[in-house]
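Enquirer: Could you work out the structure for the sequence below:
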Amino acid sequence: MEIPAKSPDGSEKSPQSKELITSDTGSTLCMSSRSESVWTSASRSKWDIYHKPVIVVSVGAAVFLFGMVITSLSCFLPQNKDVYKMCGPAFLSLGLMLLVCGLVWIPIIRKKQKQRQKSQFLQSLKSFFFNR
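Expert: Next up is the predicted model:
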């Protein structure tokens with residue numbers, strides 16, 4: 001039979017049972033389950049919204065171009081030809097993967113922004129009709 005662990009203040013209740021007893025638990029869980037941007041209506045700039053996919057696309061394009069240069073070196077330089085033939089396609093594929101991921105990420109963000117705008121509009125309508 002297990003003995004429940006004592007909490008730091010000396011009581012017999014476990015930290016989990018204490019958390020369940022408090023009345024703030026429901027509101028705390030609700031607040032922590034959603035990001036702040038859902039609850040605040042402050043508009044963000046385009047850079048704040050799209051900076052991550054733009055960076056991924058830029059890095060992907062740079063790595064892809066680097067892979068093209070390394071691959072083309074295998075045609076022009078006879079020494080270390082095997083190394084160029086191994087590394088070039090690896091950089092090409094990595095760059096292409098990052099480029100495609102970034103390009104797919106942008107429409108996903110646009111769709112989420114539209115859904116968020118619809119959700120805020122519906123919530124404002126609901127609060128208008130039900131809070132009267």
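
Enquirer: What helix or strand is the closest residue to L98 other than its chain neighbours located in?
Expert: Leaving aside its chain neighbours, L98 sits nearest to G60 (3.0 Å; criterion: Cβ to Cβ, 6 or more residues apart in numbering). For every residue, glycine as well, the C-beta is placed using N, CA and C. Taking DSSP states H and E as the definition, one finds G60 inside helix 46-76.

Enquirer: got the angle between the following helix or strand past that helix and helix 46-76?
Expert: As assigned by DSSP H and E, the chain's next helix or strand after helix 46-76 is helix 81-130. Here helix 81-130 runs at an angle of 160 degrees relative to helix 46-76 (axes from the mean of the first three to the mean of the last three Cα atoms, to 10 degrees).

Enquirer: Tell me the helices and strands packed up against helix 81-130.
Expert: helix 46-76 (3 or more Cβ pairs under 8 Å, 6 or more residues apart in numbering; DSSP states H and E).

Enquirer: buried ones in the helix it packs on?
Expert: 49-50, 53, 56-57, 60, 63-64, 66-67, 70-71, 73-74 (16 or more other Cβ atoms under 10 Å).
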